[in-house]
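*Asks:* Build the 3D model from these lines:
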Amino acid sequence: MKQMRLTTLLITAALTVSGCGETQDNAPVVQVVPGGNNPLLKHVPADSPYLAGNLAPIPDNVIDRFLERAQPVLDALQDGLTSARADLSSQGDSEDQGKKLVLALLDELDGNLNRTGMESLGFSLQPHAVFYADSAFPIVRIELADAKAVTDLLQRLQDKSGITIPKHEFQGKSYWRLSEQDFHAHDVSHGDSDGDSDGDFDSGPRGGAYLAIQDGHLAMGIFPVSAENELLAAFLGIEIPQSSDAAQRLASINQQYGYQPYMTGVLDMRMLADVFMNPGPVLLSLINDAGHRDALSEQCRAEINGIIEQAPRIIMGTTEINADVIATQYRVETAPSLTQELLALVSGIPAIPAISKSVVELALGIKVGALRDMLRERASALAEMPYKCEKLNRLNEGAQQLLTQLNQPIPPLVNNFLGVRASLNKLPTGKMLPEEASGLLAIHVDKPEMFVGMAQMFLPGMAELDLRPGSPPVAVPADLLKTPGLVAFAAISKNAIGLSLGAGEEAGLPEYLSRQGSEDGTILAVEYDSGAYMHFTRNMSDHMSVEVKAQHASIGAVAEAAQEAYKAMAGRNQLRVRFVSDGIVLDNKMTFK
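*Replies:* Model (predicted):
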């Protein structure tokens, strides 16, 4: 049994990659919606609390361009596959079936890490796909290029590894279930080293990973083995929902926010809560088996729903995909009262430039004093009128603790803090030596002269600095820096204290401090050179022990080669978080050379 979980995991991974099952000739019903069509969406029930899928595959020319860029990375991985196969083969024959499965996978992938190779194995690089919930249980469906080729691949994996994947049937449809129940007898018959079942095999509800091929796509799901009779018909496509609004839901989100049809998702917290507060027979049985038999009171339902209404829906969408850019957006829709409170926290400090040549640009702006007041008001309201639902007692206790902490005095610099910005042209090495950094820093506060005056009273050497708004930057004395070789200048504006690091950087400090504030609700913006960031993080890993490096030498060499190849194609990564009129927006954008 000690080997069984690892073997199960490896087989699950293999099937996730390879797929399994039988082809079907029944053509899916395609419903035309704005932006494209995804025939797999017909399987999604109308009450699915979470849903993600594409209405159209990524354009062919975009796929080809990314594969062209990624070829050096794939070549490095191919070299790694060759080395890994050699290492495993040199260890001689083994009864370790997990190792045999890995070797079989490596053998199949050898020479196929390219578009032609993956399509020859049956996979599509432009598949329709969908991820959704049947009740509360996750289901994934992915379109295949050639279902028979995938089935043949599965059979070759079994033949090469000596592993027989448990096969089952339901109403004439084949499927594969991966669970401890399926492998228990197999492990015992092959001589489990400790001869036990880990003592937990028959305790509690058991889950299974289910896989099948139907109508030319791979279906994967996770749900309780005890619920097979109720859920398998839908999973295997024997029963199709009478009404499915999945395509319309995704198309509506795309239209509302201007998203492209290549991947859209939604998590409806109200619907998800309803699934658990009003469970159907399958979920209710599972909840009872887990020992949670107490029904929620009406008071609890009302209070839980009240909490959920503060942020009832999370959505994501594709804002841009082309040969040079991948951009996505996430949105948390918030209640009007919470939205107004969040908008009041925005300090409006300058955001990062739209196009930057710096290695790293950072801008964080939030009114800490206002944030403290907001949290204190909410904690006080809950302390005065605590939740009556006993299941929410921890929130009541947390509010009391938070209120105690927030009533403690805080330094004026923290209470008046409005934000911080940084623009670095050079990152330090793994030793993190300050003198190696180069760039600009700004701390935004209300009345910066007051804080400079306080510092001049307590820090020797600060009195020498003539810091006045609008005055040129002045050199920071060496005895204040405490770092030999570090060159720094300081300056202040009407709402910020600025610092330059590195010789010559002071020339850009006045303009940096005078930039106009952002008016789009940005509270966090980060942009960085992807290649430089990878180089920095790799240097930071140099502290690893010689033993660890030696143990993973072959893997490390492959990873390093792949990183170098990726650096050659990677451009910049951008992240921005905003408070807007209907909630919280997070934008992420990756560019490529």
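
*Asks:* Need the single longest helix in the chain, by residues.
*Replies:* helix 60-90 (DSSP state H).

*Asks:* mean confidence for that helix?
*Replies:* Mean pLDDT, computed over helix 60-90, is 78.

*Asks:* Might you calculate how far it sits from the centre of the chain?
*Replies:* Offset of helix 60-90 from its chain centre (C-alpha atoms, centre = their mean, to the nearest Å): 24 Å.

*Asks:* What helices and strands are in contact with that helix?
*Replies:* helix 97-109, helix 115-120, helix 553-569 (3 or more C-beta pairs under 8 Å, 6 or more residues apart in numbering; DSSP states H and E). (Each C-beta comes from the backbone N, C-alpha and C, glycine too.)

*Asks:* any idea how far Leu144 lies from Gln126?
*Replies:* Distance, Leu144 to Gln126, by C-beta to C-beta, to the nearest Å: 11 Å.

*Asks:* Who has more neighbours out of these two?
*Replies:* Counting neighbours by other C-beta atoms under 10 Å for Leu144 and for Gln126 shows that Leu144 has the greater number, 22 against 15.

*Asks:* Can you tell me how far that one is from Lys388?
*Replies:* In this view, Leu144 and Lys388 are 53 Å apart by C-beta to C-beta.

*Asks:* again with Ala351
*Replies:* 44 Å.

*Asks:* Phi first, then psi, for Glu303.
*Replies:* Torsion angles at Glu303 (phi, psi; degrees, to the nearest 10) stand at phi -70, psi -40.

*Asks:* Could you check how many residues crowd around it?
*Replies:* As a burial measure, Glu303 scores 18 neighbours (other C-beta under 10 Å).

*Asks:* Looks like it contacts Pro386 (just checking).
*Replies:* No - contact criterion C-beta atoms under 8 Å: Glu303 and Pro386 do not qualify, at 10.0 Å.

*Asks:* pLDDT score assigned to Ala246?
*Replies:* 95.

*Asks:* residues touching the nearest residue to it once chain neighbours are set aside, list them.
*Replies:* Spatial nearest neighbour of Ala246, chain neighbours left out: Val44 (3.7 Å); criterion: C-beta to C-beta, 6 or more residues apart in numbering. Contact analysis of Val44 by C-beta atoms under 8 Å, 6 or more residues apart in numbering lists 51, 53, 130, 132, 241, 244, 246.

*Asks:* any idea how far Val44 is from Ala129?
*Replies:* 12 Å.

*Asks:* try Gln408
*Replies:* 50 Å.

*Asks:* same deal with Gly258?
*Replies:* From Gly258 to Ala129 the distance is 22 Å (C-beta to C-beta).

*Asks:* before we move on, what about Ser243?
*Replies:* Counting by C-beta to C-beta, the separation of Ser243 from Ala129 is 22 Å.

*Asks:* Backbone dihedrals for Asn278, please?
*Replies:* Here Asn278 shows phi and psi, under degrees, to the nearest 10, equal to phi -130, psi 60.

*Asks:* Over to Leu211?
*Replies:* Dihedral angles (degrees, to the nearest 10) for Leu211: phi -140, psi 150.

*Asks:* hang on, it packs against Leu218?
*Replies:* Yes - under the criterion of C-beta under 8 Å, Leu211 makes contact with Leu218 at 7.1 Å.

*Asks:* give me the low-pLDDT residue ranges for this protein?
*Replies:* 1-36, 84-85, 87-97, 180-205, 287-294, 427-436, 458, 460-461, 463, 535-562 (pLDDT under 70).

*Asks:* same thing but 50
*Replies:* Along the chain, segments meeting pLDDT under 50 span 1-32, 185-204, 543-552.

*Asks:* which residue sits closest to the residue of it positioned farthest from its centre, ignoring its sequence neighbours?
*Replies:* Farthest-out residue of the chain from its mean C-alpha position, per C-alpha atoms, centre = their mean: Glu464, at 48.8 Å. Closest residue in space to Glu464, ignoring its immediate chain neighbours: Pro477 at 6.1 Å, by C-beta to C-beta, 6+ apart.

*Asks:* One more: Ala227?
*Replies:* Per C-beta to C-beta, 6+ apart, closest to Ala227 is Val282, 4.6 Å.

*Asks:* about what we covered before: mind giving me the PyMOL select for the contacts of Val44, buried ones only?
*Replies:* PyMOL command restricting the contacts of Val44 to the buried ones, with burial defined by 16 or more other C-beta atoms under 10 Å:
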select buried, resi 51+53+130+132+241+244+246
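
*Asks:* which element is Ala490 on?
*Replies:* Assignment of secondary structure by DSSP states H and E places Ala490 within strand 488-492.

*Asks:* Just the residues contacting that strand, thanks.
*Replies:* Outside strand 488-492, the residues within contact range by C-beta under 8 Å, 6+ apart are 448-449, 452, 465, 467-469, 471-476, 481, 497-501, 505-506, 509-510, 513.

*Asks:* Could you count how many residues lie near Phe123?
*Replies:* For Phe123, using other C-beta under 10 Å, the count is 23.

*Asks:* should've said Ile308
*Replies:* Neighbours of Ile308 using other C-beta under 10 Å come to 18.

*Asks:* from here on, count from 26
*Replies:* Let's use 26 as the start, then, which means that last one is Ile333.

*Asks:* for it, what are its contacts?
*Replies:* 294-295, 298.

*Asks:* Skipping adjacent residues, who's closest to it in space?
*Replies:* The nearest residue in space to Ile333 (C-beta to C-beta, 6+ apart) is Met294, at 4.8 Å.

*Asks:* is it true that the one you found touches Ile332?
*Replies:* No - at 9.3 Å, Met294 does not count as touching Ile332 under the criterion of C-beta under 8 Å.

*Asks:* Would you mind telling me which of these two has more residues around it?
*Replies:* Met294 (20 against 13).

*Asks:* do you know how far that one is from Cys414?
*Replies:* 17 Å.

*Asks:* got it, and Gly529?
*Replies:* Where Cys414 is concerned, Gly529 sits at a distance of 62 Å (C-beta to C-beta).

*Asks:* In terms of neighbours, single out the busier of these two.
*Replies:* Comparing Gly529 with Cys414 by other C-beta under 10 Å, the one with more neighbours is Cys414, at 18 against 10.

*Asks:* just so I have it, where are all the helices in the stretch 176-325 of the chain?
*Replies:* All helices of the stretch 176-325 of the chain, identified by DSSP state H, counting those that start in this stretch, fall at 205-214, 253-260, 271-282, 294-302, 306-314, 323-333.

*Asks:* Can you check which of the ones you listed gets nearest to Ile351?
*Replies:* helix 271-282 (16.6 Å; C-beta to C-beta).

*Asks:* For that closest one, which helices and strands make contact with it?
*Replies:* Checking 3+ C-beta pairs under 8 Å, 6+ apart, helix 271-282 ends up next to strand 75-78, strand 285-293, strand 338-346.

*Asks:* hey, where'd the helices end up in the stretch 476-618 of the chain?
*Replies:* 503-506, 534-538, 555-565, 571-576, 578-594.

*Asks:* So what touches the second one?
*Replies:* Spelled out, it's helix 534-538. In contact with helix 534-538 (C-beta under 8 Å, 6+ apart) are residues 446, 448, 465, 467, 497-498, 514, 516-518, 521, 523-525.

*Asks:* gap between that helix and the chain center?
*Replies:* With C-alpha atoms, centre = their mean, you get 35 Å for helix 534-538.

*Asks:* residues of stretch 530-547 that come out buried?
*Replies:* Quick answer for stretch 530-547 (16+ other C-beta under 10 Å): 530-531, 533-534, 537-538, 540, 542-543, 546-547.

*Asks:* For these, which two are the farthest from each other?
*Replies:* Glu531 and Gly546 (31.8 Å).
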